[in-house]
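Colleague: sequence? don't have it. structure:
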């Protein structure tokens, strides 16, 4: 099992560009999450998907959109990147209320 | 509100015990977690404790929970250089979805 995988690992964007971060899990989990991690701060939840076909806003959703493509995949889209979105992005999955398993992260820099 | 606080840095000598502390605010929290993050990697769950427990031991790890003071600690016995990482405390507030509130993380440095 690969667990939770994320692509790309690194990305540099210019202000105003768009991109999609991909996440996939092979553990047959119902719930998936997107977090961002900034220096000196804990992870903050951007969006989550409690089950296939549903998505909800987390703590910091502004500037992002998500798609739960199927049970395995949950993507995060930045339509018009801003320097404030420079961060490390983590995807996670869980079986309902149980432990969340994290991917290796995507390091994004917006110039 | 919901908030989790941790000290940002801890330095210990190899072989000593490390104690990482955390305070949280939500008294309805059902689970409290400790995650470990090594450089360039994602978070890995180390251990967790139910809110109705006082202590949990798992090999070199001991978790203590003082629910009255909303204080959680992680003790690592016989700390090794491989334990150098950032340790995150997280609480799961009661109700709703599986939402986790993370602290800022404690960077543990282990020196010879």
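Modeller: Nice, I can see it. Worth saying up front: this structure is predicted, and the values here are computed from it rather than measured.
Colleague: How confident was the prediction at residue 60?
Modeller: If you meant another chain, say so; for now it's chain A. The predicted local distance difference test score for residue A:60 is 95.
Colleague: ah, I was thinking of chain B
Modeller: On the pLDDT scale, residue B:60 is placed at 96.
Colleague: Just give the number of residues close to it.
Modeller: The local packing of residue B:60 (other CB atoms under 10 Å in any protein chain shown) involves 14 other residues. C-beta coordinates here come from the backbone N, C-alpha and C atoms, glycine included.
Colleague: State the distance from the residue lying closest to it once chain neighbours are set aside to residue B:48.
Modeller: Across the structure, with CB to CB, 6 or more residues apart in numbering or on different chains as the measure, the residue nearest residue B:60 apart from its sequence neighbours is residue B:77 (4.6 Å). Taking CB to CB, to the nearest Å as the measure, residue B:77 falls 18 Å from residue B:48.
Colleague: So for these two, which residue has more residues nearby?
Modeller: Using other CB under 10 Å as the criterion, residue B:77 and residue B:48 rank with residue B:48 on top: 18 against 13.
Colleague: Which residues are in contact with the more buried one?
Modeller: The contact partners of residue B:48, taken as CB atoms under 8 Å, 6 or more residues apart in numbering or on different chains, are A:99, B:31, B:32, B:33, B:34, B:56, B:63.
Colleague: I'd like to know how far it sits from residue A:67.
Modeller: Residue B:48 is 30 Å from residue A:67, where distance means CB to CB.
Colleague: can you count the residues close to the closest residue in space to residue A:43 that isn't next to it in sequence?
Modeller: Once flanking residues are discounted, residue A:43 sits nearest to residue A:35: 4.1 Å by CB to CB, 6+ apart. Applying other CB under 10 Å, we find 29 residues neighbouring residue A:35.
Colleague: rewinding a little: can I get the contacts of residue B:48 in TSV including distance to residue A:21?
Modeller: Compiled in TSV, the contacts of residue B:48 are given as follows (distance: CB to CB, whole Å):
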residue	distance to residue A:21
A:99	22
B:31	27
B:32	29
B:33	24
B:34	27
B:56	35
B:63	33
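Colleague: Show only the entries of the residues you listed found in strands.
Modeller: B:31, B:32, B:33, B:34, B:56, B:63 (DSSP state E).
Colleague: So how do I select the buried members of the residues you listed in ChimeraX?
Modeller: Restricted to buried positions by 16 or more other CB atoms under 10 Å in any protein chain shown, the ChimeraX selection for those reads:
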select /B:31,32,33,34,63
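Colleague: which of the ones in strands among the contacts of residue B:48 are close to chain A?
Modeller: residue B:33 (CB under 8 Å from any CB of the partner chain).
Colleague: Turn the ones in strands among the contacts of residue B:48 into JSON lines, including pLDDT.
Modeller: Listed next are those as JSON lines, based on pLDDT from 0 to 100:
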{"residue": "B:31", "pLDDT": "88"}
{"residue": "B:32", "pLDDT": "91"}
{"residue": "B:33", "pLDDT": "93"}
{"residue": "B:34", "pLDDT": "96"}
{"residue": "B:56", "pLDDT": "94"}
{"residue": "B:63", "pLDDT": "97"}
